[in-house]
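> structure for the following, please:
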Amino acid sequence: VLTRFKADFEGSVALITGADSPYGIGFALSAALAKQHATVVIASHNAEKAESAAITIRNATGNPMVFSGLLDLANFSSVHAFSRKF
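Residues are numbered from 1 along each chain as shown. Alright, predicted model coming up:
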């Protein structure tokens, strides 16, 4: 979707949930934004899968500004802890 546009998202930060699977829309969106120089944070309740996705996207796009974070949206203390980091 974003590949049709010539936008440069350098200086923008995107927080994406549902990006920890390489087969989903969240992953594709994260990769597209990273390719266009955005800082991308992949938030997931599974830290290992999120970090794996972040590594894959960093390697594929050459954008070192792709990070992962532990976030369980069903748990308020997890949301609070995540928000304190950012």
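
> and the helices in the chain, which stretches?
With DSSP state H, the ranges of helices along the chain come out as 25-35, 47-61, 76-85.

> would CSV of those helices with distance to Val41 and mean neighbour count be doable?
(C-beta placed from N, C-alpha, C; glycine too.) Shown next, in CSV, are those (distance: least, Cβ to Cβ, whole Å; neighbours: other Cβ atoms under 10 Å):
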stretch, distance to Val41, mean neighbour count
helix 25-35, 9, 19
helix 47-61, 9, 17
helix 76-85, 9, 11
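
> need those helices in TSV (columns: distance to Val13).
Putting the helices of the chain into TSV (distance: least, Cβ to Cβ, whole Å) gives the following:
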stretch	distance to Val13
helix 25-35	10
helix 47-61	14
helix 76-85	13
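
> reformat those as a markdown table; add mean pLDDT.
Below are these laid out as a markdown table (pLDDT from 0 to 100):
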| stretch | mean pLDDT |
| --- | --- |
| helix 25-35 | 96 |
| helix 47-61 | 97 |
| helix 76-85 | 95 |
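
> figure out which of those is closest to Glu10.
Among the helices of the chain, helix 25-35 comes nearest to Glu10, with 10.8 Å by Cβ to Cβ.

> who are the packing partners of that closest one?
strand 13-17, strand 39-44, helix 47-61 (3 or more Cβ pairs under 8 Å, 6 or more residues apart in numbering; DSSP states H and E).

> can I get the ones you listed in TSV including distance to Arg84?
What follows is the helices and strands packed on helix 25-35, written out as TSV (distance: least, Cβ to Cβ, whole Å):
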stretch	distance to Arg84
strand 13-17	14
strand 39-44	13
helix 47-61	16
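
> still on that earlier bit, out of the helices of the chain, nearest to Ala19?
Nearest of the helices of the chain to Ala19, taken as Cβ to Cβ: helix 25-35 at 3.5 Å.

> picking that back up, and Val79, which of the helices and strands packed on helix 25-35 is closest to it?
Across the helices and strands packed on helix 25-35, closest to Val79 is strand 39-44 (Cβ to Cβ), at 9.7 Å.

> mind listing the strands the closest one pairs with, and their directions?
The strands that strand 39-44 pairs with in its sheet are strand 13-17 (parallel), strand 66-70 (parallel) (by DSSP bridges).
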